[in-house]
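Visitor: I'll drop the sequence and a predicted model, then ask my questions.
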Amino acid sequence: ASFSVGSRSILRSIGVNENNGGADNAVELNVTNFDAVLGETPATYAVVEFFAHWCPACRNYKPHYEKVARLFNGPNAVHPGIILMTRVDCALKINNKLCDKFSVSHYPMLFWGPPSKFVAGGWEPKQEKSEIRVIDDARTADRLLNWINKQTGSSYGLDDGKFENEHLPSNISDPGQIARAVYDVEEATATAFDIILSHKMIKSETRASLIRFLQLLVAHHPSRRCRKGSAEVLVNFDDLSPSHMQSTDKQEVITSNGKGALGNFQICGKEVPRGYWMFCRGSRNETRGFSCGLWVLLHSLSVRIDDGESQFTFTSICDFIHNFFICEECRQHFYEMCSSVTSPFNTTRDFVLWLWSTHNKVNERLMKLEASLNTGDPKFPKIIWPPKQLCSSCHRSRSQGGAKFSQIDWDEDEVFKFLTSYYGKTLVSLYKDKDSLRNDGIDGAVEDLVVSTNAVVVPVGAALAIALASCAFGALACYWRSQQKNRKPRRSWN
Ligand SMILES: Cc1cc2nc3c(=O)[nH]c(=O)nc-3n(C[C@H](O)[C@H](O)[C@H](O)COP(=O)(O)OP(=O)(O)OC[C@H]3O[C@@H](n4cnc5c(N)ncnc54)[C@H](O)[C@@H]3O)c2cc1C
């Protein structure tokens, strides 16, 4: 596997439009990226506009299409992650076959459907039962949006402003919402990695902790893209942060963009970070987002580990938050709770429940604080979690509203069952990565490493840390150790 260095995301790579000097929100597709973009988008629906750049009607239609695309596409989207708006220029020769597959008979011609149906798909005029449909009433932005509203049962408006909409789901009413959180887990992973690099947080005293956390990600991250990227970072760790160059000054020396050798490396693939949150999107600009995504990442790791990995996971997460979570109060407070644990974890269940109760203690503290300072998200007030609406069997008896965490009679077996399914299967149920549902934590990572280590050597630091780490990571650790024995000459970082 090679590092994919380049633009941060497809959405941002659209660039500046030559005609109007402004950025386009609709994603320009062609035959080479059509299947990949539509196959991987988190959006539920896609609109594909087939046009020709020489066509005057298409040029006049563009501002209308862009007015709608502004609502759904790009980092400033008002309603991100729901509808992907794209366009294909049929006047470009390379797209001839693609436009033929969709029987494009006039310009512009617009199609609607689930993104996956466009992948390797097509459309014919008399085709029955196709999930791809021609949008037959889209002459103006208003009419296009009306058509979309009818299909989706929504009431989007052209004047909707960011964070000023009533479409945000409440955090408790729809348990299915968690299925969108896998994209936030990717976003949080990429954001955390960006923060670590741009704040030059890899130092001699924090190195081992990052290596251990990366091991955890390689084996148990719910996104295959992130498992793969973490494995690549891990095997190249010494090149990223040479152990002989760890003082802050020296990091400056090897840095070209302020982030060090890995500055352009995208740990969860080239489309992440996408620049927006889905499950973790707040109703205010400054609420939720990264810290919500980080919690979801931690919970989703906790339910994926085996019993034998529970203590290793506990220390890895505690150290990671302590060393790399840049919110001072959060990291201190979390570390105090880590430090108060007196005996090692032996089971997944114990660790999952510890993390759940720890998060609830944070919620409880913040409930009061946010209410008094009015700093919380009005649409997502902190609650003791999960509420009965999400898991009634978790609550043994009827507890009073506003009861403290410790006052609720929890059925912990049910809580564990609920968390395992919520952050396990449900989290990845909509995930559009063909291999994501494979329970291939270690196998998949090793498989990726086989590719990526063909000409690469496992760095001494990483290998040592891995060797010292819990043997619960047996397969992975043994693999790395065996690779270490067969060291080959070192590959250059890029
Ligand atoms: C490790 C850590 C420590 C933090 N410490 C502090 C702090 O000391 N002070 C501070 O101001 N902020 C702290 N934060 C941030 C704070 O906890 C929230 O993340 C932030 O306020 C955003 O809240 P939210 O409404 O998105 O829900 P979050 O609390 O971020 O939760 C995200 C989602 O997880 C689910 N969830 C909620 N509770 C639980 C639970 N008990 N178990 C499992 N899932 C649950 C819900 O679906 C929720 O929407 C911390 C964050 C992290 C990751």
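Guide: On my side now, so go ahead.

Visitor: Can you tell me how far the residue nearest to Phe102 when sequence neighbours are not counted is from the ligand?
Guide: Leaving aside its sequence neighbours, Phe102 sits nearest to Trp123 (Cβ to Cβ, 6 or more residues apart in numbering; 4.8 Å). Just so you know, the C-beta spots here come from the backbone N, C-alpha and C atoms, and that holds for glycine as well. Counting by Cβ to the nearest ligand atom, to the nearest Å, the gap from Trp123 to the ligand is 39 Å.

Visitor: Validate this expectation: Trp123 resides in a helix.
Guide: No - per DSSP: H, G, I helix; E, B strand; the rest coil, Trp123 lies outside any helix segment and is coil.

Visitor: measure it to Tyr156 for me?
Guide: Using Cβ to Cβ, to the nearest Å, Trp123 is found at 25 Å from Tyr156.

Visitor: same check, this time on Val78
Guide: 8 Å.

Visitor: tell me, what's touching these two both at once?
Guide: Leu71 (Cβ atoms under 8 Å, 6 or more residues apart in numbering).

Visitor: so where's the stretch 51-200 of the chain uncertain?
Guide: 163-175 (pLDDT under 70).

Visitor: ok, now with 80
Guide: 75, 127-128, 161-176 (pLDDT under 80).

Visitor: rewinding a little: could I get the phi/psi values of the residue nearest to Phe102?
Guide: phi -150, psi 140 (degrees, to the nearest 10).

Visitor: again, but for Pro222
Guide: The phi/psi pair for Pro222 (degrees, to the nearest 10) is phi -70, psi -20.

Visitor: got the contact list for the nearest residue to it once chain neighbours are set aside?
Guide: Leaving aside its sequence neighbours, Pro222 sits nearest to Ser300 (Cβ to Cβ, 6+ apart; 4.9 Å). Residues in contact with Ser300, defined by Cβ under 8 Å, 6+ apart, are Val182, Val185, His221, Pro222, Tyr423, Gly424, Leu427.

Visitor: Now tell me what touches whatever helix or strand Asp142 lives in from outside.
Guide: Using DSSP states H and E, Asp142 sits within helix 141-152. With contact meaning Cβ under 8 Å, 6+ apart, helix 141-152 is reached by 45, 47, 63-65, 67-68, 71, 82-83, 110, 112, 135-138, 154-158.

Visitor: at 10 Å instead, please
Guide: 44-45, 47, 49, 61, 63-72, 82-83, 85, 110, 112-113, 133, 135-138, 140, 154-158, 160 (Cβ atoms under 10 Å, 6 or more residues apart in numbering).

Visitor: tell me which residues of that helix are tucked away?
Guide: Ala141, Leu144, Leu145, Trp147, Ile148 (16 or more other Cβ atoms under 10 Å).

Visitor: Same check on stretch 362-379?
Guide: Val362, Asn363, Glu364, Met367, Glu370, Gly376, Asp377, Lys379.

Visitor: Now these in JSON lines, please, with extra columns for secondary structure.
Guide: As requested, the buried residues of stretch 362-379 are exported to JSON lines (three-state DSSP):
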{"residue": "Val362", "secondary structure": "helix"}
{"residue": "Asn363", "secondary structure": "helix"}
{"residue": "Glu364", "secondary structure": "helix"}
{"residue": "Met367", "secondary structure": "helix"}
{"residue": "Glu370", "secondary structure": "helix"}
{"residue": "Gly376", "secondary structure": "coil"}
{"residue": "Asp377", "secondary structure": "coil"}
{"residue": "Lys379", "secondary structure": "coil"}
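
Visitor: restrict the residues you listed to those near the ligand?
Guide: Of the residues in those, proximity to the ligand by Cβ under 6 Å from any ligand atom holds for Val362, Asn363, Asp377.

Visitor: Relative to Gln407, which of those residues is nearest.
Guide: Among those, Asn363 lies closest to Gln407 (Cβ to Cβ), at 14.1 Å.

Visitor: gap between that closest one and Thr191?
Guide: Distance from Asn363 to Thr191, by Cβ to Cβ: 22 Å.

Visitor: ok, which residues in the chain are in contact with the ligand?
Guide: Counting by Cβ under 6 Å from any ligand atom, the chain sits next to the ligand at 171, 280, 288, 291-292, 294-296, 299, 321, 329-330, 333-334, 356, 359-360, 362-363, 366, 377, 380, 385.

Visitor: From those residues, list the buried ones, please.
Guide: 171, 280, 288, 292, 294-296, 299, 321, 333-334, 356, 359-360, 362-363, 377, 380, 385.

Visitor: Redo the contacts of Ser300 as a markdown table? Include neighbour count and secondary structure.
Guide: What follows is the contacts of Ser300, written out as a markdown table (neighbours: other Cβ atoms under 10 Å; DSSP: H, G, I helix; E, B strand; the rest coil):
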| residue | neighbour count | secondary structure |
| --- | --- | --- |
| Val182 | 29 | helix |
| Val185 | 29 | helix |
| His221 | 28 | coil |
| Pro222 | 26 | coil |
| Tyr423 | 27 | helix |
| Gly424 | 17 | coil |
| Leu427 | 26 | helix |
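
Visitor: Just the closest of these to the ligand, please.
Guide: The closest of the contacts of Ser300 to the ligand turns out to be Tyr423 (Cβ to the nearest ligand atom; 7.5 Å).

Visitor: so that closest one touches Pro222, yeah?
Guide: Yes - with contact defined as Cβ atoms under 10 Å, Tyr423 reaches Pro222; the gap is 8.1 Å.

Visitor: Can you work out which residues contact both of those two?
Guide: Common neighbours of Tyr423 and Pro222 (Cβ under 10 Å, 6+ apart) are Ala181, Val182, Val185, Val296, Leu297, Ser300, Leu301, Val303, Arg304.

Visitor: how many other residues sit next to Asp307?
Guide: By other Cβ atoms under 10 Å, the residues close to Asp307 number 14.

Visitor: wait, what's in contact with the spatially closest residue to it that is not a sequence neighbour?
Guide: Closest residue to Asp307 apart from its sequence neighbours, by Cβ to Cβ, 6+ apart: Thr347 at 4.7 Å. Contacts for Thr347 (Cβ under 10 Å, 6+ apart) come out as Ile305, Asp306, Asp307, Gly308, Ser310, Gln311, Leu353, Phe416.

Visitor: and Thr347, backbone torsions?
Guide: According to degrees, to the nearest 10, Thr347 has phi -130, psi 150.
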